[in-house]
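*Asks:* following is a predicted model, sequence given first.
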Amino acid sequence: MARRTTGPSSRVAAASAVRDAIPLGQIYAAMSEISGTPPDPEQALRRQTMALLEEIGGQMAAFVATLATTLGLHRTDVTIMLLLAIVGRGAPLKASQLQKAVGFTPGGMTRRLDSLELRGLIRRLPDSGDNRAWLVELTTEGQRLAALGVDRNTSRNHRLLAEFSLPEWEQMVKLLTRLRTALAQD
């Protein structure tokens with residue numbers, strides 16, 4: 001039978017596990033509620049901003065996950081196929097470009113490409129300009145599925161673009177870029 005510990009180190013480990021299991025935005029949203037005292041207005045705005053950013057990230061991930069389920073693909077496969085369809089515009093892209101875009105290791109990318117190739121959705125071709133590199137292109141079936149994804153993505157993007165004026169989008173990009181830079185300093 002495992003011994004149960006209740007000392008300070010086990011409480012710290014438990015608190016850490018809870019913190020890691022709860023999305024950051026939920027933590028920010030719950031801070032005021034749990035403490036019983038409202039934060040100062042600046043702190044409240046920071047917490048609200050972080051909670052909103054997390055929620056938006058979750059909504060974007062859910063969109064891709066739903067699209068992946070609809071197409072019968074892994075989420076990363078959808079991203080790869082959309083990159084090939086939108087960025088590549090029908091032309092092959094280097095496997096290394098796709099790998100960097102999705103943030104995978106070379107081995108992880110190879111596994112995703114193997115899966116897509118096995119399903120007949122992509123084709124790998126040797127890069128005539130670099131004997132060590134591979135090019136990736138969509139097959140006819142891959143183009144068909146990617147087109148469905150592009151249509152849904154385009155329709156969502158048009159709806160989102162209509163929500164804000166061009167100056168508002170420009171301001172949002174500036175502010176989010178500043179926030180990203182500030183967060184990267186941690």
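*Replies:* Looks like it arrived, so ask away. Residues are numbered from 1 along each chain as shown.
*Asks:* where does Arg136 sit: helix, strand or coil?
*Replies:* In this structure residue 136 is Val, not Arg. Look at Val136: counting by DSSP: H, G, I helix; E, B strand; the rest coil, its state is strand.
*Asks:* so it makes contact with Leu113?
*Replies:* Yes. Here Val136 reaches Leu113: they are 6.4 Å apart, a contact under CB atoms under 8 Å. C-beta here means a position set from N, CA and C on the backbone, and glycine is covered the same way.
*Asks:* neighbour count winner among these two?
*Replies:* More crowded of Val136 and Leu113, by other CB atoms under 10 Å: Val136, with 27 against 22.
*Asks:* so who does that one touch?
*Replies:* Contact analysis of Val136 by CB atoms under 8 Å, 6 or more residues apart in numbering lists Ile80, Leu84, Pro92, Leu93, Lys94, Ala95, Leu98, Leu113, Ile122, Arg123, Arg124, Leu125.
*Asks:* where does the prediction get shaky in the chain?
*Replies:* Applying pLDDT under 70 to the chain picks out residues 1-33, 35-39.
*Asks:* identify the residue nearest the geometric centre of the protein.
*Replies:* Ala61 (5.7 Å; CA atoms, centre = their mean).
*Asks:* check contacts around it.
*Replies:* Arg75 are the contacts of Ala61 under CB under 8 Å, 6+ apart.
*Asks:* and if we set it to 7 Å?
*Replies:* Ala61 makes no contacts at all, as judged by CB atoms under 7 Å, 6 or more residues apart in numbering.
*Asks:* what distance do you get for it to Thr76?
*Replies:* 12 Å (CB to CB, to the nearest Å).
*Asks:* swap in Gly142?
*Replies:* 14 Å.
*Asks:* which of these two has more neighbours?
*Replies:* Gly142 (23 against 20).
*Asks:* can you tell me the element the more buried one falls in?
*Replies:* Taking DSSP states H and E as the definition, one finds Gly142 inside helix 140-161.
*Asks:* now do the next helix-or-strand element following that helix and helix 140-161, the angle between them.
*Replies:* Note on helix 140-161: by DSSP H and E, the next helix or strand toward the C-terminus is helix 166-184. On the basis of axes from the mean of the first three to the mean of the last three CA atoms, to 10 degrees, helix 166-184 is oriented at 100 degrees to helix 140-161.
*Asks:* can you tell me what sits against helix 166-184?
*Replies:* By CB under 7 Å, 6+ apart, helix 166-184 touches Phe164.
*Asks:* go through it and flag the buried ones.
*Replies:* If you call a residue buried by 16 or more other CB atoms under 10 Å, then helix 166-184 has no buried ones at all.
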